[in-house]
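*Asks:* The following comprises the amino acid sequence and a computationally predicted model.
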Amino acid sequence: MERFDWDDLRFFLAVARSGRLTAAARRLGADHATVSRRITSLEESLKAKLFERRPQGYALTGHGEQLLAKAESMETEALAIQSEIGGADMALSGTVRIGAPDGFGASFLAPRLATLAKAYSGLELQLIAMPRLLSLSKREADVAITLAPPKEGKVVARKLCDYRLGLYASRDYLDSMPPITAPEDLFAHRIVGYIDDLIFTPELDYLDEVAKGLRAQIQSSSVIAQMNAVAAGAGIGVIHHFMVPSEPRLVPVLPESVSITRSFWLLVHADLKEVARVRAIVDFIVREAKSSRALLMGEPKPEQAPAP
């Protein structure tokens with residue numbers, strides 16, 4: 001064990017979580033050759049093969065699985081030391097990665113990152129706004145926003161907020177098509193929605209809730225792409241109310257009879273919940289969601305009282 005270098009475990013964890021040297025190198029800010037050399041050095045010092053090198057990537061061996069649990073425990077302790085003993089300045093430095101669905105991430109969180117960056121200038125903020133589920137156990141994100149609580153895993157979850165969606169179209173599209181007075185009329189229209197087999201969580205399957213059997217003729221895995229298509233006149237789509245203010249071409253369709261409510265959940269890996277920089281991000285997101293309730297629920301802004 002004389003040649004064992006504790007720092008090699010950082011490289012091991014990055015490769016174990018990404019499955020690829022190139023992805024691990026990007027995450028660590030190192031080059032591909034350095035990551036490969038550090039993994040080889042760790043295997044030689046432990047006298048154990050930790051990865052199977054395959055064309056599709058690196059897969060953990062039995063020894064690698066054993067080491068992963070130990071290395072993650074050591075990582076957790078290191079984070080605790082940095083947070084609890086390192087002092088406020090050190091605790092609020094480093095990187096925090098936030099994962100969120102593309103609509104919430106790009107339309108709600110991204111415009112608010114300036115406030116967060118000014119408040120915590122020592123933090124590096126990474127926002128993954130993608131239509132997919134992120135794994136906290138693999139540390140793909142430190143904080144994740146999802147549409148449902150987790151069914152398992154070492155995760156702390158809390159309900160963040162409710163939000164509403166409705167039907168929207170462009171004025172040009174509506175003027176050129178038959179009138180819509182009830183959900184059944186939608187079957188005579190072009191519908192914009194998700195690609196059925198790429199819906200990554202059942203909470204995104206809206207159309208049967210609007211009208212049983214309704215299906216999209218124009219499909220995308222991204223709600224932002226759907227909104228842009230609808231705004232350009234492609235058809236009628238289900239859009240988050242909080243996204244609509246950024247796109248003035250959208251007008252509501254059947255607002256009195258079609259309203260869909262969903263919830264956002266905020267997830268943190270249990271090992272990170274007390275780390276100061278992660279707590280700061282969580283508190284910020286909770287405050288922003290709470291103060292933006294009317295926007296998220298699609299409620300009109302309260303009118304200002306007339307001046308006396």
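*Replies:* Thanks, I have the structure now. Residues are numbered from 1 along each chain as shown.

*Asks:* alpha carbons only for contacts and neighbour counts from here, please
*Replies:* Fine.

*Asks:* List the buried residues for the longest strand anywhere in the chain?
*Replies:* With DSSP state E setting the assignment, residue counts place strand 155-170 as the longest strand in the chain. For strand 155-170, the neighbour count (16 or more other C-alpha atoms under 10 Å) marks 155, 157, 159-170 as buried.

*Asks:* okay, who's weakest in those residues by pLDDT?
*Replies:* Among the buried residues of strand 155-170, residue 155 has the lowest pLDDT, at 88.

*Asks:* quick one: that residue and residue 267 touch, right?
*Replies:* Yes. Contact criterion C-alpha atoms under 8 Å: residue 155 and residue 267 qualify, at 6.5 Å.

*Asks:* who's in contact with stretch 253-271?
*Replies:* Residues from elsewhere that reach stretch 253-271, judged by C-alpha atoms under 8 Å, 6 or more residues apart in numbering: 76, 136-137, 142-149, 154-169, 180-183, 203, 206, 209-210, 282.

*Asks:* Show the residue spans covered by the helices in this protein.
*Replies:* Taking DSSP state H to define them, one finds helices in the chain at 8-18, 21-28, 32-46, 62-84, 88-91, 102-103, 113-119, 171-176, 207-210, 223-231, 276-291, 293-297.

*Asks:* will you turn these into a markdown table that also has mean neighbour count and mean pLDDT?
*Replies:* Shown next, in a markdown table, are the helices of the chain (neighbours: other C-alpha atoms under 10 Å; pLDDT from 0 to 100):
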| stretch | mean neighbour count | mean pLDDT |
| --- | --- | --- |
| helix 8-18 | 21 | 90 |
| helix 21-28 | 17 | 88 |
| helix 32-46 | 17 | 92 |
| helix 62-84 | 16 | 80 |
| helix 88-91 | 15 | 46 |
| helix 102-103 | 20 | 94 |
| helix 113-119 | 12 | 90 |
| helix 171-176 | 14 | 96 |
| helix 207-210 | 14 | 95 |
| helix 223-231 | 22 | 97 |
| helix 276-291 | 17 | 92 |
| helix 293-297 | 18 | 96 |
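
*Asks:* Can I get the ones you listed in a markdown table including distance to residue 257?
*Replies:* Converted to a markdown table, the helices of the chain look like this (distance: least, C-alpha to C-alpha, whole Å):
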| stretch | distance to residue 257 |
| --- | --- |
| helix 8-18 | 45 |
| helix 21-28 | 47 |
| helix 32-46 | 56 |
| helix 62-84 | 50 |
| helix 88-91 | 49 |
| helix 102-103 | 23 |
| helix 113-119 | 35 |
| helix 171-176 | 17 |
| helix 207-210 | 9 |
| helix 223-231 | 20 |
| helix 276-291 | 26 |
| helix 293-297 | 16 |
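
*Asks:* check contacts around the closest residue to residue 135 other than its chain neighbours.
*Replies:* Spatial nearest neighbour of residue 135, excluding adjacent residues (C-alpha to C-alpha, 6 or more residues apart in numbering): residue 141 at 6.9 Å. Counting by C-alpha under 8 Å, 6+ apart, residue 141 makes contact with 96-99, 134-135.

*Asks:* and if we set it to 10 Å?
*Replies:* 96-100, 126-128, 134-135, 267-269 (C-alpha atoms under 10 Å, 6 or more residues apart in numbering).

*Asks:* With residue 64 instead?
*Replies:* Residues in contact with residue 64, defined by C-alpha under 10 Å, 6+ apart, are 12-13, 16, 43, 48-52, 70-71.

*Asks:* what's the answer for residue 215, then?
*Replies:* 186-187, 190-196, 206-208.

*Asks:* so how far is stretch 193-200 off the chain centroid?
*Replies:* 17 Å (C-alpha atoms, centre = their mean, to the nearest Å).
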